[in-house]
Every structure is written in structure tokens, then in C-alpha cells.
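Enquirer: Based on what follows, work out the 3D shape:
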Amino acid sequence: MGVDGKRSDTRIRIVAGGDVMLGEHPAMVGRGVGTAILRNRGFNPFAAITSLLRQADLSLANLECALSDWPRFCLPSHRECRAPALAVETLTEVGFGALAVANNHIQQHGKSAVGETLAALSRHGIAAFGLAGEEPGTCRPLDMDIQGMAVRLLGYSLRPRQHFDHQPEYAEGTPEGIFADIEAGCAAGAIVLVSIHWGDEYVAFPSSEQVDLGRGMIDAGCTLVLGHHPHVMQGWERYGRGAIFYSLGNLVFDMPWLPECRQTFLCDCMLSSSGCEEVVIHPLVLDGNHCPQPATEAESREIMDFLDEARRELANPTGSSAAVHDDEYRRAVGAALARARSSRNLYFLKNLHRYRLDVAAELIGKFMMRRVGLLHD
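Expert: Numbers count the residues shown, from 1 in each chain. Down below sits the predicted model:
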């Protein structure tokens with residue numbers, strides 16, 4: 001466990017994690033978290049970290065799936081990244097106060113599934129944030145009163161649209177819109193927190209563009225930036241009066257083929273009107289059921305060593321991995337995606353006998369379509 005920062009008398013405690021998939025990755029349909037929830041109503045993916053989440057004044061994460069039941073007879077692709085509606089009970093049980101919904105999978109199964117998700121969260125007392133604002137590139141703010149302090153939550157997805165071609169319900173942020181939203185929140189006297197879906201999958205450091213945007217958000221008045229999408233951890237830094245977490249990794253996600261997708265952490269932040277006063281890191285590792293568990297001493301050391309080195313790189317203006325040249329960053333993206341693709345394919349082949357026939361057939365069909373260029377990841 002790592003501790004950084006100073007103490008202040010008037011504070012609120014925010015605990016945040018990364019991507020939450022209570023459905024199933026396309027390569028895990030029938031074998032992932034969603035199936036476990038359906039088979040066992042008592043299954044709680046967050047059981048080992050519930051006490052940490054409940055100790056916070058507000059616990060947050062990025063909900064990367066729709067909460068929407070699928071038809072009884074349907075193609076496996078209709079179940080991808082789509083959690084059974086009853087999964088909302090788990091989110092309520094562990095005490096999530098708000099969940100970001102601005103990401104590239106929430107809209108995967110259409111507007112009706114998004115509506116079902118928002119309605120389910122509302123019925124169970126969980127606030128959703130990251131919905132589109134009235135102006136392009138802006139977010140509809142979520143205002144909360146926490147221990148007598150005004151807090152404004154904003155959420156954005158900077159990822160390209162996937163699986164649909166209509167205007168999404170979630171906020172597609174632009175720098176101008178994001179900065180304007182933050183400044184409006186500060187003008188209203190609120191502590192502003194931003195959840196942002198950005199970067200590239202499996203890359204262990206942010207691009208220089210992300211670093212510039214993250215720091216720009218703090219300069220605009222934001223206190224805490226919570227990043228996600230890469231599915232792996234990236235560094236975090238103190239900047240100005242705030243803190244920026246470039247990628248919190250996976251909190252619950254069925255991606256067993258890459259070890260780095262199983263390393264993660266909760267950030268535990270004390271905030272005040274003066275800024276981010278204190279940060280505690282809780283290292284976690286996803287188990288064989290894709291659920292977070294407190295890391296062992298050796299696992300914690302590995303995670304903290306990675307985060308400490310990443311912080312040093314972010315603090316170094318010359319040669320920093322965060323400020324890597326665009327061409328180098330693009331090469332890193334290509335290498336990471338190629339490694340992930342080959343690892344996923346090898347995992348599928350090794351476990352082929354465990355898949356339902358219809359799932360295996362669809363996965364093989366998609367593989368062949370990718371080979372001839374008719375389908376892209």
C-alpha cells in the first residue's frame with residue numbers, strides 16, 4: 001500500500017476503480033462474469049473489496065457494459081459486453097454511489113439497452129454520469145452533496161464510436177467543452193471530478209496528448225482525473241492542486257490471456273476545497289473468476305514498483321514515456337494490440353473444448369473475417 005500527500009481538516013474520501021464488465025468479453029461469452037451472475041444469484045465479483053468501497057464517502061468506477069437482458073435464443077454477439085439486468089443488485093450491494101457511463105461499450109446494444117441501464121441504476125439509487133450535455137463536446141453535470149461539500153461529476157469518452165452510427169447518449173468530450181464544463185463547476189463552488197475514457201488498449205503509458213489534456217483539466221480547476229480504457233495500469237501524478245490517474249486498469253473484466261490486464265488498484269483519495277490532500281493506493285489482482293482480490297505482498301510490490309517508476313517518468317520532462325514522440329507511441333500501440341490479439345487467439349485454441357459450439361463457431365468466423373480484412377478489432 002502506498003501513501004502520498006498531506007492531511008487537511010475538512011475532507012471527503014473518494015475511492016475509485018477502473019473498468020467494470022459485468023457482461024462478457026466477446027472471447028468469453030458463456031464463460032465470464034455475466035454467466036457466473038446468472039448461474040449464482042449470490043455471486044459478488046466485488047466481495048473481497050466491498051469493505052474498501054463502503055468505507056468511502058463516494059465510490060466510483062466506469063461501467064463498461066449495458067445492464068440489459070438478452071433474448072433467450074440469440075447469437076453470442078448479442079451477449080457481448082451486456083450484463084444481465086440483475087447485476088445491478090451487486091453494484092448496489094457493494095455501495096457504488098455513482099458510475100461513469102461514457103465509454104465505447106455502453107451503447108453497443110442500442111439506445112434501448114442504454115435506457116434500461118440508466119433506469120436500473122436509478123431504481124437502485126446509483127447515479128449515472130457522463131451523459132451528453134446540450135452543447136457538442138460537453139457533459140451533463142451530476143451534482144452531489146457529500147458531507148456538506150458540493151461535488152460535481154463529469155464524464156467523457158474520447159474513443160471512436162463503435163457498434164453504432166447515431167449520436168450517443170454519452171458525452172463525447174472535446175478539450176474546449178471539457179474545460180468549459182470544469183470552469184462552470186468551479187464557478188458554482190463545486191469540487192470537480194472527471195472520469196475520462198481515453199488512450200489505447202494495452203499500452204502501459206499515456207500519450208503526450210493525454211498528458212497535456214490531463215494537466216489542462218487540472219489547470220482549469222479539476223481536482224481529480226480518473227482515466228480508463230487501456231485495460232492495463234498506467235501511471236498517476238500529482239499536478240497542481242489535483243491528481244491525474246491516466247488508467248486505473250480493469251476492476252472486473254474477463255481478459256485472462258494477458259497478465260497485465262489482471263493487475264490493478266483502487267485509488268483512495270482525500271479531497272478538500274484546497275485540492276487532493278492525500279492519495280492511498282490499494283493494489284489488487286483479478287483472480288480466476290475475473291474478480292479483484294487484495295494483492296499478495298509480492299504482487300503489491302510489483303504493482304507499486306510499476307506505479308512508482310511511471311510517476312518518475314511523468315515527472316521527467318526529458319525522455320519521459322508520457323512525452324514519447326507520436327511515432328513511437330503509435331508503434332507501441334501497434335505492438336500492444338498485436339500481442340493482445342495473439343495471446344487471445346492462443347487462449348481460445350487452448351480452451352476450445354470449454355466453449356459452447358455456437359460461441360466457438362462465431363469466434364472462428366470472426367477470426368477468418370479478420371484474416372481477409374472484412375472485420376477489424
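Enquirer: ok, now how distant is L349 from M255?
Expert: Going from L349 to M255 by CB to CB, to the nearest Å gives 16 Å. The C-beta positions use only the backbone N, C-alpha and C, and glycine is treated the same way.
Enquirer: same check, this time on G115
Expert: 28 Å.
Enquirer: In what element of secondary structure is W257 found?
Expert: Taking DSSP states H and E as the definition, W257 sits outside all helices and strands.
Enquirer: G42 now?
Expert: Applying DSSP H and E, one finds G42 in no helix or strand.
Enquirer: Now the phi/psi pair for it, please.
Expert: phi -90, psi 0 (degrees, to the nearest 10).
Enquirer: Report pLDDT for it.
Expert: On pLDDT, G42 comes in at 84.
Enquirer: Can you report how many residues lie near it?
Expert: When neighbours are defined as other CB atoms under 10 Å, G42 has 7 of them.
Enquirer: Longest helix in this protein, please.
Expert: Secondary structure of the chain per DSSP state H: the longest helix is helix 326-350.
Enquirer: Neighbour count for G115 and M255, which is higher?
Expert: Per other CB under 10 Å, whichever of G115 and M255 has more neighbours is M255, with 25 against 13.
Enquirer: wait, doesn't L224 sit right on G242?
Expert: Yes - judged on CB atoms under 8 Å, L224 makes contact with G242 at a distance of 6.0 Å.
Enquirer: coming back round to it: quick one: average pLDDT of the longest helix of the chain?
Expert: Per-residue scores along helix 326-350 average to 93.
Enquirer: same check, this time on stretch 301-310
Expert: 97.
Enquirer: ok, now stretch 75-92?
Expert: Mean predicted confidence for stretch 75-92 is 91.
Enquirer: For stretch 76-92, list every residue counted as buried.
Expert: For stretch 76-92, burial by neighbour count (16 or more other CB atoms under 10 Å) applies to 76-77, 79-85, 87-88, 90-91.
Enquirer: Output these as a markdown table; include the columns distance to R330 and secondary structure.
Expert: As requested, those are exported to a markdown table (distance: CB to CB, whole Å; DSSP: H, G, I helix; E, B strand; the rest coil):
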| residue | distance to R330 | secondary structure |
| --- | --- | --- |
| P76 | 32 | helix |
| S77 | 29 | helix |
| R79 | 33 | helix |
| E80 | 27 | strand |
| C81 | 26 | coil |
| R82 | 32 | strand |
| A83 | 33 | strand |
| P84 | 38 | coil |
| A85 | 40 | helix |
| A87 | 36 | helix |
| V88 | 39 | helix |
| T90 | 38 | helix |
| L91 | 36 | helix |
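Enquirer: Which one of these is nearest to P45?
Expert: Of all these, P45 sits closest to T90, with 6.5 Å by CB to CB.
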